[in-house]
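next comes the sequence, and after it the predicted model I'd like to discuss.
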Amino acid sequence: MRKQVAYLGPKGTYAEKAAHILSKLANFQTPIFVPCNGLHSVIKSLAYNICDAAVVPIENSVEGGVTATLDSLWKFPEIFINKAIVLPIKHALISDGELSNISEVLSHPQALAQCSEWLSENLPNAIPLPTNSTSEAVNMVKGSKFRAAIGSKSLIQIEGLKELAFPINDVPGNCTRFVLLSKESNSNLANIASFAFSLISNKPGALLKAINYIADFGFNMSKIESRPSKRELGEYIIYIDLEINNQNNIANFLELKNKLEPLCNNLVDFGSYFSKNIELN
Ligand SMILES: O=C(O)C(=O)C[C@]1(C(=O)O)C=C[C@@H](O)C=C1
């Protein structure tokens with residue numbers, strides 16, 4: 001059966017590119033790509049079984065964790081990460097007008113943040129306007145002489161607009177990790193294990209005890225970050241990525257999870273998966 005893959009639309013987003021690459025890596029045969037309006041609808045379409053898989057950004061090298069994705073993985077424990085890719089993100093400033101006339105810059109909040117220094121130097125008086133995605137922003141600047149959008153260079157051909165500047169991201173190595181999510185866990189080939197937990201006790205050393213277990217097992221932690229539990233102020237969920245390799249394998253990870261579980265109110269395993277760096281020309 002052809003898989004339905006949800007992604008952040010409309011067509012032309014970085015997420016669409018990621019959805020195509022990840023579906024290929026997952027060997028999906030002629031998948032049906034389903035553009036959704038906003039990250040929450042992408043994840044809901046998988047959670048409520050409208051689609052078989054979803055592709056979402058999870059982490060950016062400049063802006064850090066994508067909070068909507070992290071919160072959803074905690075909220076829907078039946079969803080697993082199956083695969084990941086790291087895509088280079090190079091933004092262009094796209095418009096129908098001239099740079100000197102631009103007074104509004106539209107884009108996805110992540111893209112606006114990734115270009116904030118460039119904008120303050122080159123368009124200090126322009127108002128940043130957040131949109132659901134980069135391609136939505138480009139659709140919204142068509143026909144306007146005073147609006148510009150931030151998005152991928154490939155949107156320029158699609159929309160018939162022009163490039164005012166490229167690249168405009170503040171950090172040259174800007175990149176985003178995208179994950180392929182589904183309701184099946186596949187842990188045979190992996191270089192990352194991701195999970196999150198909330199601790200039972202809020203006492204000195206409680207988190208240290210959990211982290212010490214990770215160190216005792218010899219895992220290298222490649223990410224640790226916290227998000228509010230949303231239940232009460234000061235209660236946090238800890239998100240962790242561990243490196244999986246020959247020495248620190250999935251069997252060890254399952255053992256580690258058993259050790260951690262008694263310390264936790266809740267521990268959600270997001271899955272063990274392979275993350276690949278992609279080079280784009
Ligand atoms: O708007 C897009 O094109 C997206 O794919 C979303 C998104 C994100 O949410 O981080 C993806 C990559 C870039 O970091 C900027 C925006």
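Perfect, thanks for sending it.

ok, residue 280 - contacts?
87-88 (C-beta atoms under 8 Å, 6 or more residues apart in numbering). C-betas here are computed from N, CA, C, even on glycine.

what about it, which SS state?
At residue 280 the chain is in coil, as set by DSSP: H, G, I helix; E, B strand; the rest coil.

likewise for residue 209?
helix.

so how far is the ligand from it?
Applying C-beta to the nearest ligand atom, to the nearest Å, the value for residue 209 to the ligand is 34 Å.

that residue reaches residue 264, doesn't it?
No: Residue 209 lies out of contact with residue 264 (C-beta atoms under 8 Å); the separation is 11.0 Å.

alpha carbons only: can I get stretch 88-95 in PDB?
Extracted in PDB, the C-alpha atoms of stretch 88-95 (Å, rounded to 0.1, in the frame of the first residue of the first chain):
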ATOM      1  CA  PRO A  88      22.000  22.300   5.300                       C
ATOM      2  CA  ILE A  89      19.700  25.300   5.400                       C
ATOM      3  CA  LYS A  90      20.600  28.300   3.200                       C
ATOM      4  CA  HIS A  91      18.100  31.000   3.100                       C
ATOM      5  CA  ALA A  92      17.400  33.500   0.300                       C
ATOM      6  CA  LEU A  93      15.500  36.900   0.500                       C
ATOM      7  CA  ILE A  94      12.800  36.600  -2.100                       C
ATOM      8  CA  SER A  95      10.500  39.400  -3.400                       C
END
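
got the buried residues for that stretch?
88-95 (16 or more other C-beta atoms under 10 Å).

close to the ligand: what parts of this protein are there?
Listed as neighbours of the ligand in the chain under the rule C-beta under 6 Å from any ligand atom: 8, 13-15, 57, 60, 66, 89, 108, 110-111, 133-134, 176.

run the last query once more with 5 Å
13-15, 57, 60, 89, 108, 110-111, 133-134, 176 (C-beta under 5 Å from any ligand atom).

what about the helices in the stretch 151-281 of the chain?
154-159, 206-216, 250-260 (DSSP state H, counting those that start in this stretch).

not counting the first one itself, show me its contacts.
Outside helix 154-159, the residues within contact range by C-beta under 8 Å, 6+ apart are 11-12, 17, 92, 94, 134-135, 138-139, 142, 149, 161-163.

what of the last one?
Helix 250-260 is contacted by residues 187, 190, 193, 195, 197, 210, 213-214, 217-219, 242, 244, 267, 269, 272 when judged by C-beta under 8 Å, 6+ apart.

of the buried residues of stretch 88-95, closest to residue 52?
Closest approach between the buried residues of stretch 88-95 and residue 52, by C-beta to C-beta: residue 89, at 26.4 Å.

picking up where we left off before, including pLDDT and secondary structure, could the residues of the chain next to the ligand go into TSV?
Listed next are the residues of the chain next to the ligand as TSV, based on pLDDT from 0 to 100; DSSP: H, G, I helix; E, B strand; the rest coil:
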residue	pLDDT	secondary structure
13	97	coil
14	97	helix
15	98	helix
57	97	strand
60	96	strand
89	97	coil
108	97	coil
110	96	helix
111	97	helix
133	96	coil
134	97	helix
176	98	strand
